[in-house]
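Peer 1: okay, here's the prediction I keep looking at, along with the sequence it came from:
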Amino acid sequence: MKIKIVINNEFKEFNVPCDTKLIDLLRDAGYKSVKRGCSTGDCGACAVILDGKLVNSCILYAAQTDGHALITLEGLGDINSPHILSKTFAAAGAVQCGFCTPGMILASYALLINNKKPSKEEIAEALSGNLCRCTGYEKIEQAVLKAAEEMRKGE
Amino acid sequence: MREVNTNKIKVDGLSLATGRAKFTADEEFRGMLYVKFLKSPLAHALIEDIDDTKALALKGVKIVLHHKNTARIPHTTAGQGYPEPSPYDTYMFDSKVRYAGDYVALVAAESEETALKALKLINVKYKELPAVLDPRKASVPGAPVIHDESYASGIYDASKNIPGFVEVKVGDTEKALKDSDVKAELEIETHYSQHAPIEPHVCITYLDEKGRLVIRTSTQVPFHVRRICARVLEIPEKNIRVIKPRIGGGFGTKQEVYLEYFAGKVTLLTGLPAKVELTREEEFTSRTRHPMIVKVRAGADKKGKINAIDMEVISNTGAYGSHALTVMFNSGSKCLPLYKTDNVRFKGTTVYTNLPVAGAYRGYGATQGYACLEQVMDMLAEKCGIDPVEFRRINHIKKGETSPIFAALGEGKEGVAQYIQSSTLAEAIDWGLKEIGWEDRQPPAGKKGRFRKGKGMAIFMQGSGIPLVDMASASIKMNEDGSFNLNIGATDLGTGSDTVLAQIAAETLRVPTENIIVYSSDTDMTPFDVGAYASSTTYISGGAVIDAAEKVLDQIKAVAARMLKTDKENILCENAFCTNKANNEKRSYSEVGLYSLYMDDQFQIASFGSHISPVSPPPFMATFAEIEVDTWTGKIKVLKYICGVDCGTPINPVLAEGQVEGAAVNGLSYALVESYIFNEKGKMQNGTFQDFKIYGIKDVPPMKVKLFKSDEPTGPYGAKSVSEIGINGPMPVIANALYNAIGKRTEKFPLNPENVLRMLGEL
């Protein structure tokens, strides 16, 4: 079936079988920041932002996003102009293996666009669907707090 | 200038944090085949017949492999140095299956869907055999023999299902126990668990333009992958190149070599790229942590001086003996030297069962050993009427001291004698006491009511690499702009070793870390390294980097001396400049680089360095916790968790802290919630993150980690290891806090509500 999606502010058209999962469409289209960790919607490594809300792309059909707007980590910046969250994650030691990082940063982004000064509890709630096995989460929390502070300063 | 002991941002930090870094599965290969496995539904069975006709007839299926069309090459999947101390008891495919999940056949097809469809078309006729599901019954007379095949080797006693056994005695433990004023004894059981890296195992193989096999894989041990695959695929190492891209966590499970040769075989037979990517459910029965039964008996005099420690371990390695001997050895060798005593006995037996295969997992046996030893130390302290902290202060090993265990127990063989040359354990203990509020700790007797609080502590050591076994190497070359290529076999699995090793190179070469270009873990392009395990990379690979960098620095000085018309002894290198000490005349590193390549008597400034260590200096840790137990539900809430760690002089303190925090949370998750559920036939039932809980951000208790700097004279810039020790903390510390809350000793882990209610007599 033919579907139209806005991905990272770019208009895209796809022709895919109706049972194609969103994660497969995105990865096949080159959005490799979308990681496959569990395929059951439990780990958040494949998380993307759909119309401003964080969703797990491994349990969505691509067709469900027809006519909607998606953001993947590629859309937030690149190595030459990284997003504040990317910078604070790297600086705080919130990135170890980095496999959960795209989902973590998008979950943080989805929080910060609506909540400029989140508490630690609000950060934990926002990131509760994203598993990390490396960091113990302490430095991830610090990175989000720091990014929030920097983003407030930037306004 | 100081490049070490500073918080440099990871060299791959921004590429990871912008999602641009390439993991194994992030590259695409035209015409790639998808490999899927048919797994045994039975725990123990003979394959009487296998028929792949229908599967092969399915459109899109390229190849079906099983024991009838592959060579049976005995090997171990343990990615250890050669000769591996693990038995050769594993085959690509065999006519027998030894656990539910064992590989029976594979299908390689043009799509994943086709491969999965084809698996259902393979007909297998099994003859079910009685299974061994209880490690205590594995060696009783009449128990089914799991490895009765004649072609296995290196098994200690196959007829009793014992792949590994050791007994060492120092002094006379029995007599010393008898003569002791106080004695304590405890037997515990630790449980199955899995590393659960967020990236499951994945590898892609293809042929390069010269027909060589390239293996792109999520591994901790690229050079062992090359060697083991060469053996199993019966091709020389020169025809294999192993590349490790970024990998999504390992924790030991990617120290196993058991997928690469399947993909490699498919590629060699078809000429096409092939991908193996485990599902999360498959990951759970890939490699696991050795469950153990640990029994410790110990005795002390009235003043609290330990007279004897006796430790017996039964380690369950599951169906194959990967790391069977060495994980069990480590329960003794990484735990027992922590306490000074002249009388020590360690007896370890590893047994086969028809359960999932165990392997290397962060902590590597020490985690299981400490879960018992550190409870027994508390029991002895209580019987002596001495505070548990004071008891440990009296007995723990200190700087300048040694333990006979260092020489008696090594890596599957005798160890190496060594003295402790650095330790700040005492400071870590003093700090932890204050952080947890130890002086307010109340005995369990007076605690009543539904919610009961308790405080516990324990101390730990680990090692830094395997002495006289682990070897690492590095190569460094200088470019004309004064930058350097640092090529290392060492494997960064997220730990930050690429960064730490770049910092060490920069410090030695007297340049900013930003001038070091790191490339790692490619068997064609980088020199040898045993890989990322045994807490070895900073310590061992760091030594290799210093060796290479010092040789390069010497060459730089020689060139600069020629340019400045003086002797190289007069050259001082600092901040990417060479200065003639006599007249302060300078040449920049870029001038030196350019001169050496283009100007006069040209040559490449470059060198190799290698390192092995005769010792394995232990990092130390003191851990404290306060918990609250809900005696109605059995749920333990950790109120505070404190870790004070001596890892020598940390090269990168933030990354070192991250190792401890990550290990602590992994360990808390293991101690409190992670658990395998098996059915009566030995099949794991909870292979998803829905049914197998691992800690998320909301589960993490208030936690404090602090590093207590020491200066290890044998380490690179004073460093020791840090990656494993943190995971040892949670089991004994929570158990000791639980005793302080309810007055009961923990005999069975995890400390989930079910087991806690059982301790309370409610189940």
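Peer 2: Perfect, thanks for sending it.
Peer 1: switch to C-alpha atoms for all contacts and neighbour counts from now on
Peer 2: Will do.
Peer 1: next one: B:Met1, what pLDDT does it get?
Peer 2: In this model, B:Met1 is scored at 57, pLDDT.
Peer 1: let me redo that: B:Gly696
Peer 2: pLDDT, B:Gly696: 98.
Peer 1: burial of it, as a residue count?
Peer 2: The local packing of B:Gly696 (other C-alpha atoms under 10 Å in any protein chain shown) involves 20 other residues.
Peer 1: ok, it to chain A distance?
Peer 2: B:Gly696 is 6 Å from chain A, where distance means C-alpha to the nearest C-alpha, to the nearest Å.
Peer 1: for that residue, what are its contacts?
Peer 2: B:Gly696 makes contacts with A:128-132, as judged by C-alpha atoms under 8 Å, 6 or more residues apart in numbering or on different chains.
Peer 1: will you turn the residues you listed into a markdown table that also has secondary structure and pLDDT?
Peer 2: Shown next, in a markdown table, are those (DSSP: H, G, I helix; E, B strand; the rest coil; pLDDT from 0 to 100):
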| residue | secondary structure | pLDDT |
| --- | --- | --- |
| A:Ser128 | coil | 98 |
| A:Gly129 | coil | 98 |
| A:Asn130 | coil | 98 |
| A:Leu131 | coil | 98 |
| A:Cys132 | coil | 98 |
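Peer 1: just checking: which of those also lie near chain B?
Peer 2: A:128-132 (C-alpha under 8 Å from any C-alpha of the partner chain).
Peer 1: compare the residues you listed and tell me which has the most neighbours.
Peer 2: A:Cys132 (32 neighbours).
Peer 1: quick check: chain neighbours aside, which residue is closest to that residue?
Peer 2: Distances taken as C-alpha to C-alpha, 6 or more residues apart in numbering or on different chains place A:Cys100 nearest to A:Cys132, at 6.0 Å, with adjacent residues excluded.
Peer 1: pLDDT at that neighbour, what is it?
Peer 2: The model reports A:Cys100 with a pLDDT of 98.
Peer 1: what sits against it?
Peer 2: A:35, A:44-45, A:130-132, B:198, B:248.
Peer 1: again, 10 Å this time
Peer 2: Contact analysis of A:Cys100 by C-alpha atoms under 10 Å, 6 or more residues apart in numbering or on different chains lists A:33-37, A:43-47, A:130-134, B:16-17, B:19, B:197-199, B:248-249.
Peer 1: restricted to strands, list the residues you listed.
Peer 2: A:Ala47 (DSSP state E).
Peer 1: the contacts of A:Cys100 in helices, which ones?
Peer 2: B:16-17 (DSSP state H).
Peer 1: state which helix of chain A is the longest.
Peer 2: For chain A, the helix with the greatest residue count under DSSP H is helix A:138-154.
Peer 1: against which helices or strands is it packed?
Peer 2: Judged by 3 or more C-alpha pairs under 10 Å, 6 or more residues apart in numbering or on different chains; DSSP states H and E, helix A:138-154 is in contact with helix A:84-92, helix A:101-112, helix A:120-126, helix B:653-672.
Peer 1: just give the nearest non-adjacent residue to A:Thr72, would you?
Peer 2: A:Val48 (5.3 Å).
Peer 1: could you measure from the one you found over to chain B?
Peer 2: A:Val48 sits 12 Å away from chain B, taking C-alpha to the nearest C-alpha as the criterion.
Peer 1: show me what contacts that residue?
Peer 2: Contacts of A:Val48 were listed using C-alpha under 10 Å, 6+ apart, and they are A:22-23, A:26, A:33-34, A:54-58, A:70-73, A:102-107, A:110.
Peer 1: A strand includes B:Val124, no?
Peer 2: Yes. Membership of B:Val124 in a strand is supported by DSSP: H, G, I helix; E, B strand; the rest coil.
Peer 1: so who does it touch?
Peer 2: Here B:Val124 is in contact with B:38, B:40, B:47-52, B:104-105 (C-alpha under 10 Å, 6+ apart).
Peer 1: now do 8 Å
Peer 2: By C-alpha under 8 Å, 6+ apart, the residues touching B:Val124 are B:47-51.
Peer 1: can you pull up the most central residue in chain A?
Peer 2: For chain A, the residue nearest the mean C-alpha position is A:Leu106 (2.7 Å; C-alpha atoms, centre = their mean).
Peer 1: got the contact list for that residue?
Peer 2: By C-alpha under 8 Å, 6+ apart, the neighbours of A:Leu106 are A:47-49, A:54, A:72-73.
Peer 1: let's have those residues in a markdown table, adding distance to A:Lys4.
Peer 2: Shown next, in a markdown table, are the contacts of A:Leu106 (distance: C-alpha to C-alpha, whole Å):
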| residue | distance to A:Lys4 |
| --- | --- |
| A:Ala47 | 20 |
| A:Val48 | 17 |
| A:Ile49 | 16 |
| A:Leu54 | 19 |
| A:Thr72 | 16 |
| A:Leu73 | 20 |
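Peer 1: let me have those in CSV, extended by distance to B:Leu639 and pLDDT.
Peer 2: Shown next, in CSV, are the contacts of A:Leu106 (distance: C-alpha to C-alpha, whole Å; pLDDT from 0 to 100):
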residue, distance to B:Leu639, pLDDT
A:Ala47, 31, 98
A:Val48, 34, 98
A:Ile49, 34, 98
A:Leu54, 30, 98
A:Thr72, 37, 98
A:Leu73, 35, 98
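Peer 1: okay, now residue 14: neighbour count?
Peer 2: Since you didn't name a chain, this refers to chain A. A:Phe14: 15 neighbours (other C-alpha under 10 Å).
Peer 1: my bad, the chain I had in mind was chain B
Peer 2: By other C-alpha under 10 Å, the residues close to B:Leu14 number 25.
Peer 1: could you say which helix or strand holds it?
Peer 2: Using DSSP states H and E, B:Leu14 sits in helix B:13-17.
Peer 1: immediately after that helix, which helix or strand?
Peer 2: Per DSSP H and E, the first helix or strand lying C-terminal to helix B:13-17 is strand B:33-39.
Peer 1: other residues contacting that next one?
Peer 2: For strand B:33-39, contacts defined as C-alpha under 8 Å, 6+ apart pick out B:100-112, B:115-116, B:119, B:263, B:272-277.
Peer 1: and stretch B:507-525, by the same measure?
Peer 2: Residues from elsewhere that reach stretch B:507-525, judged by C-alpha under 8 Å, 6+ apart: B:1-4, B:8, B:222-223, B:226, B:241-245, B:482-492, B:498, B:502-503, B:505-506, B:526, B:546, B:549-550, B:552-553, B:573-576.
Peer 1: from these, which land in strands?
Peer 2: Counting by DSSP E, the contacts of stretch B:507-525 place B:241-243, B:484-488, B:573-574 in strands.
Peer 1: so which helix or strand takes in B:Ala737?
Peer 2: Element membership for B:Ala737, per DSSP H and E: helix B:730-742.
Peer 1: chain center to that helix: distance?
Peer 2: The chain centre lies 25 Å from the centre of helix B:730-742; the measure is C-alpha atoms, centre = their mean, to the nearest Å.
Peer 1: buried residues in whichever helix or strand comes after that helix?
Peer 2: Remark: after helix B:730-742, the chain's next helix or strand is helix B:753-759, criterion DSSP H and E. Residues B:753, B:755-757, B:759 are the ones in helix B:753-759 that count as buried (16 or more other C-alpha atoms under 10 Å in any protein chain shown).
Peer 1: quick one, phi/psi of the residue of the stretch 301-450 of chain B found nearest chain A?
Peer 2: Closest contact between the stretch 301-450 of chain B and chain A, by C-alpha to the nearest C-alpha, is at B:Arg362 (11.6 Å). B:Arg362 adopts backbone torsions of phi -20, psi 120, taken as degrees, to the nearest 10.
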